[in-house]
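Asks: Build the 3D model from these lines:
(chains A, B, C, D, E and F)
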Number of protein chains: 4
Amino acid sequence: MRIVLSSTSGVPIYEQIKAQIRAAILSGEVAEGQALPSLRQLARDLKVSLISITRSYNDLAAEGLIVNVQGRGSFVLPLDVDRVRGQLMEKARSSMTDAITAARTARVDRAALHTVLDQLWDQQ
Amino acid sequence: MRIVLSSTSGVPIYEQIKAQIRAAILSGEVAEGQALPSLRQLARDLKVSLISITRSYNDLAAEGLIVNVQGRGSFVLPLDVDRVRGQLMEKARSSMTDAITAARTARVDRAALHTVLDQLWDQQ
Amino acid sequence: MRIVLSSTSGVPIYEQIKAQIRAAILSGEVAEGQALPSLRQLARDLKVSLISITRSYNDLAAEGLIVNVQGRGSFVLPLDVDRVRGQLMEKARSSMTDAITAARTARVDRAALHTVLDQLWDQQ
Amino acid sequence: MRIVLSSTSGVPIYEQIKAQIRAAILSGEVAEGQALPSLRQLARDLKVSLISITRSYNDLAAEGLIVNVQGRGSFVLPLDVDRVRGQLMEKARSSMTDAITAARTARVDRAALHTVLDQLWDQQ
DNA sequence: GTGGTCTAGACCACT
DNA sequence: GTGGTCTAGACCACA
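Replies: Just a heads-up that it's a prediction; the model follows:
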């Protein structure tokens, strides 16, 4: 799992970390039961404050994706696939709503926005 | 032009105001040359600090949408339609990219996302 | 004497009026002893508040260019050419200083700025 | 970087700060990636309200010269030299136009204005 | 009346 | 600690 951070994007560090760990878990790149890097290890690797990593792991634990065990480390939990996908789709719908609002303000029609979706989808 | 603010959305007040005035100008609801409500008037109406309104108007002036004339008021400028639409589509593409990222993480395919787009489009 | 105003330039109305009357006097377009338009007349013609015209005429009187006579009107005084030119050159030097500061910050050399001067001079 | 403010010049504090930071960045005095003084630190040092510093930094961020990172500080971005020089030369031309207008009103010829330019250039 | 600027102080989110 | 936002109130310049 490689984590890449941007300090100028405006997105909080801990959100960037969360998103990338979450994606790695969902993709199966890190499997159920597997240990994540320790807080301090990851803080060193990413050259980031320990507090930001802590926040990321805590949030992921609150989401039910991982569990933090005192003195042992942090581990990937069995996936509740439906719940996680539900959360992600919620976010997708929210972003999509923003995109639609902007497009309508710009007087762009539905078909054009579908085209934009396809273009961006292919780029990723 | 009706402006509705949400204090729980997390979006800064001045951004909410900017977005709604911008939309009103682009939709032609307030026409070129027309005066906007005065800073103090709008602050009173929205029960919001003067500084938030000032920030909104200043930002819109920096965007080239309005002009603030000391002693007279704030006025809608002629639209540079292409430029404004370019900015909006830039924002739409950015939000769409977020939506795609979330959808892909959720292992949702392209067709499903198109369906989401259509649903949300019809809701607005 | 034709006076043209811009309400969006950021320059105060009364300054625009002052500058144009001053130029008309210095150019001899309105001669010594001649009457200027009345305050109210000019306010009507320019579709401008009386207060702005009053401010302009008062300032010009303070500069010694005109005299306002109760109940009679406003009249061009004999020119103290040297003093007026001194004031104008003071302003020219001040603007030139601004131009030089910007040019130096932009790492533009002296010769290039002379060229700019020539270009703009020919345009006017 | 030393910042000197004048409270009698009529130029807004935040504009004075902007201009001096901009000049320091363009001159290379503060290099790409370097941190600027924190908002509060600079406000204390200059004995100025936090809001004035905030406005300065925000405007410089909007110009693309710096980036403000929540929780970390404000940092100098890589320069888009051409764009910045374009903005500065625009300003230089505008001031030069003012100088020319004043000079012509004073019936001063082109050669004399070139001389003024040289004198002022050498003084700076 | 209008917009422009500034102060002093507060709370929030992030590192 | 950092920047981001907001309030309440003030004074100035302009029309």
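
Asks: Spit out the contact partners of A:A102.
Replies: By C-beta atoms under 8 Å, 6 or more residues apart in numbering or on different chains, the contact set of A:A102 is B:88-89, B:91-92, B:95. (Each C-beta comes from the backbone N, C-alpha and C, glycine too.)

Asks: three-state assignment of it?
Replies: helix (DSSP: H, G, I helix; E, B strand; the rest coil).

Asks: Kindly provide the distance from it to chain D.
Replies: For A:A102, the distance to chain D equals 20 Å [C-beta to the nearest C-beta, to the nearest Å].

Asks: can you check A:L36 too?
Replies: 23 Å.

Asks: One more: A:S52?
Replies: A:S52 is 9 Å from chain D, by C-beta to the nearest C-beta.

Asks: just A:R83 next, same as before
Replies: In terms of C-beta to the nearest C-beta, A:R83 sits 30 Å off from chain D.

Asks: Can you tell me, leaving aside adjacent residues, what's nearest to that residue?
Replies: Once flanking residues are discounted, A:R83 sits nearest to A:G64: 7.0 Å by C-beta to C-beta, 6 or more residues apart in numbering or on different chains.

Asks: next one: A:V48
Replies: A:V48 sits nearest to A:I13 (C-beta to C-beta, 6+ apart), 5.8 Å away.

Asks: I'd say that neighbour and A:I51 touch.
Replies: No: using C-beta atoms under 8 Å, A:I13 is not in contact with A:I51, being 9.6 Å away.

Asks: Relative to DNA strand E, which of the contacts of A:A102 is nearest.
Replies: When the contacts of A:A102 are compared for distance to DNA strand E (C-beta to the nearest atom of the strand), B:S95 wins out at 18.0 Å.

Asks: any idea of the pLDDT on the closest one?
Replies: B:S95 is assigned 92 on the pLDDT scale.

Asks: which helices and strands does the helix or strand harbouring A:E15 pack with?
Replies: With elements taken from DSSP states H and E, the one containing A:E15 is helix A:13-26. Applying 3 or more C-beta pairs under 8 Å, 6 or more residues apart in numbering or on different chains; DSSP states H and E, one finds that helix A:13-26 makes contact with helix A:50-62, helix A:81-105, helix B:81-105.

Asks: who does the next helix or strand after it touch, helix- and strand-wise?
Replies: From helix A:13-26 onward toward the C-terminus, using DSSP H and E, the following helix or strand is helix A:39-46. In terms of contacts (3+ C-beta pairs under 8 Å, 6+ apart), helix A:39-46 is packed against helix A:50-62.

Asks: what's the spacing between the most centrally placed residue in chain A and A:S56?
Replies: When C-alpha atoms, centre = their mean is applied to chain A, the residue found nearest the centroid is A:A19 (1.4 Å). Noted for A:A19: a distance of 9 Å to A:S56, by C-beta to C-beta, to the nearest Å.

Asks: Can you give me the neighbour number for the residue in chain A that DNA strand E sits nearest to?
Replies: Across chain A, the shortest distance to DNA strand E (C-beta to the nearest atom of the strand) belongs to A:I13, at 3.1 Å. When neighbours are defined as other C-beta atoms under 10 Å in any protein chain shown, A:I13 has 23 of them.

Asks: follow-up on the earlier one: could the contacts of A:A102 go into JSON lines alongside neighbour count and distance to DNA strand E?
Replies: Below are those laid out as JSON lines (neighbours: other C-beta atoms under 10 Å in any protein chain shown; distance: C-beta to the nearest atom of the strand, whole Å):
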{"residue": "B:L88", "neighbour count": "21", "distance to DNA strand E": "24"}
{"residue": "B:M89", "neighbour count": "20", "distance to DNA strand E": "27"}
{"residue": "B:K91", "neighbour count": "17", "distance to DNA strand E": "20"}
{"residue": "B:A92", "neighbour count": "24", "distance to DNA strand E": "23"}
{"residue": "B:S95", "neighbour count": "19", "distance to DNA strand E": "18"}
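
Asks: for these, which one is nearest D:L113?
Replies: Checking these against D:L113 by C-beta to C-beta gives B:L88 as the nearest, at 45.7 Å.

Asks: my guess is the closest one contacts A:A106, does it?
Replies: Yes: with contacts counted by C-beta under 8 Å, B:L88 reaches A:A106, the gap being 3.7 Å.

Asks: Which residues are in contact with each of those two?
Replies: B:L26.

Asks: domain parsing for chain A?
Replies: A:13-76, A:81-123 (automatic domain parsing).

Asks: Save those as CSV, and put in distance to D:A24 too.
Replies: Shown next, in CSV, are these (distance: least, C-beta to C-beta, whole Å):
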stretch, distance to D:A24
domain A:13-76, 27
domain A:81-123, 37
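
Asks: coming back round to it: quick one: residues contacting the residue of chain A closest to DNA strand E.
Replies: A:5, A:7, A:48-49, A:52.

Asks: Using JSON lines, lay out the helices and strands packed on helix A:13-26 together with distance to C:L26.
Replies: Below are those laid out as JSON lines (distance: least, C-beta to C-beta, whole Å):
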{"stretch": "helix A:50-62", "distance to C:L26": "67"}
{"stretch": "helix A:81-105", "distance to C:L26": "51"}
{"stretch": "helix B:81-105", "distance to C:L26": "41"}
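
Asks: what residues are up against the residue of chain A positioned farthest from its centre?
Replies: Distance from the centre of chain A peaks at A:R107, with 31.6 Å (C-alpha atoms, centre = their mean). A:R107 is in contact with B:26, B:85, counting by C-beta under 8 Å, 6+ apart.

Asks: part of a helix, is it?
Replies: No: counting by three-state DSSP, A:R107 is not found in a helix; it is coil.

Asks: just to revisit the earlier point, what about the residue of chain A closest to DNA strand E, distance to chain B?
Replies: For A:I13 relative to chain B (C-beta to the nearest C-beta), the value is 17 Å.

Asks: Check A:Q119 too.
Replies: 9 Å.

Asks: could you say which helix or strand contains that residue?
Replies: Going by DSSP H and E, A:Q119 is part of helix A:110-123.

Asks: quick check: angle from that helix to helix B:110-123?
Replies: 150 degrees (axes from the mean of the first three to the mean of the last three C-alpha atoms, to 10 degrees).

Asks: which helices and strands sit right next to helix A:110-123?
Replies: helix A:81-105, helix B:81-105, helix B:110-123.

Asks: which one of the ones you listed lies closest to C:L113?
Replies: So among the helices and strands packed on helix A:110-123, helix B:81-105 is nearest, using C-beta to C-beta, at 31.0 Å.
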